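Asks: I need the structure of the sequence given here:
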Amino acid sequence: MNAGMQRGISVIIPALNEEEPIGAVVQECLTTGLPDEVIVVDNGSTDRTAERARDAGARVVTEPTPGYGRACAAGIRALSPQTRLVVFLDGDGSDCPELMAQLVGPVVEGKQDFVIGSRTRGKREPGSMNFQQIFAGRSAGFFLRLLYGVKYSDMCPFRAIRRDALDRLGMKEETYGWNLEMQMRVARAGLRILEVPVNHRCRSGGESKVSGTLRGTFIAGLRIIATLLRVAAERRHR
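Replies: Predicted structure coming up:
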């Protein structure tokens, strides 16, 4: 990708108590040379996440009320007017920013509207995903294929989408169902979708808020199911 194709790309990273990995994640994003800005949304951290992110070169905004979807929404509100393409990824070091060009390229070239990574199709570091995550991603993919005829194999947070398309989706989910809601709304809108294999690593610091505990996994699962039912019901009432 040449320099003229790089303008207008912003990265949004929701983060809650990720002071150990966040600096490296921001630096890895900037090292690609693709984004004009990296926005880290401090989602109520009690550690030095914001400070470490800022020192690494990110613009930090605050969303004090915990919730993955709330953090993503705060990042979207903070986007510069020049942003034409938005990349989302997690701040725990598990995603691989060096693969960003594979997601960004098809959108910048006008071939796709939404490109999502698939951890289940890529190379996974042992222990980086548990059975529940893999099962949830494939199960969601099965239901979304029935609903919309699209093929997803994961609910990977590493994704790229055109800004104008994102603004039209009408995202509502405030917690763990955000990723699934985006995939459903993108499919329902008839946007051009591409899923690409991406590598996945174990988190490089901090504690998982979802897969690391039985309670976190259970709560996230409930929110994902609730999101699936809610958005699917919207489809029937239109």
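Asks: mind checking how far the residue nearest the centre of the chain is from residue 46?
Replies: Of all residues in the chain, the one closest to the mean position by Cα atoms, centre = their mean is residue 157, 2.9 Å from it. Residue 157 sits at a distance of 22 Å from residue 46 (criterion: Cβ to Cβ, to the nearest Å). The way it works is simple: take the backbone N, C-alpha and C, and place the C-beta from them, glycine included.
Asks: rewinding a little: can you tell me which residues contact the residue nearest to the centre of the chain?
Replies: Listed by Cβ atoms under 8 Å, 6 or more residues apart in numbering, the contact partners of residue 157 are 88-90, 95, 179.
Asks: For PyMOL, write the select line for the buried members of those residues.
Replies: Of the contacts of residue 157, the buried ones can be selected in PyMOL as follows, counting by 16 or more other Cβ atoms under 10 Å:
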select buried, resi 88+89+90+95+179
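Asks: Of the contacts of residue 157, which is the nearest to residue 126?
Replies: Comparing the contacts of residue 157 against residue 126 with Cβ to Cβ places residue 95 closest, at 16.8 Å.
Asks: can I assume the closest one is in contact with residue 129?
Replies: No: using Cβ atoms under 8 Å, residue 95 is not in contact with residue 129; the gap is 11.9 Å.
Asks: Need the overlap of contacts for these two.
Replies: Counting by Cβ under 8 Å, 6+ apart, the contacts common to residue 95 and residue 129 are residue 200.
Asks: Could you list the low-confidence segments of the chain?
Replies: 1-6, 206-218, 235-238 (pLDDT under 70).
Asks: again, only this time at 90
Replies: 1-7, 127-137, 203-223, 234-238 (pLDDT under 90).
Asks: now the helices for it?
Replies: 22-31, 49-56, 68-77, 100-108, 131-148, 163-168, 178-188, 214-236 (DSSP state H).
Asks: Burial-wise, tell me which of these comes out on top.
Replies: Among the helices of the chain, the stretch with the highest mean neighbour count (mean count of other Cβ atoms under 10 Å) is helix 178-188, at a mean of 23.
Asks: hey, C-alpha coordinates of it in PDB?
Replies: Extracted C-alpha coordinates of helix 178-188, given in PDB (Å, rounded to 0.1, in the frame of the first residue of the first chain):
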ATOM      1  CA  TRP A 178     -20.800  -5.700  20.300                       C
ATOM      2  CA  ASN A 179     -18.700  -7.800  17.900                       C
ATOM      3  CA  LEU A 180     -21.500 -10.100  17.000                       C
ATOM      4  CA  GLU A 181     -24.000  -7.200  16.600                       C
ATOM      5  CA  MET A 182     -21.600  -5.500  14.100                       C
ATOM      6  CA  GLN A 183     -21.300  -8.800  12.100                       C
ATOM      7  CA  MET A 184     -25.100  -9.200  12.000                       C
ATOM      8  CA  ARG A 185     -25.800  -5.600  11.000                       C
ATOM      9  CA  VAL A 186     -23.100  -5.600   8.400                       C
ATOM     10  CA  ALA A 187     -24.600  -8.800   6.900                       C
ATOM     11  CA  ARG A 188     -28.200  -7.500   7.100                       C
END
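Asks: List the contacts of residue 11.
Replies: So residue 11 contacts 29, 35, 37-39, 86-89, 100 (Cβ under 8 Å, 6+ apart).
Asks: sorry, that was for residue 50
Replies: Applying Cβ under 8 Å, 6+ apart, we find residue 50 in contact with 40, 42, 60, 62.
Asks: The first one: neighbouring residues, count only.
Replies: Translated: residue 40. Residues lying near residue 40 (other Cβ atoms under 10 Å) number 32.
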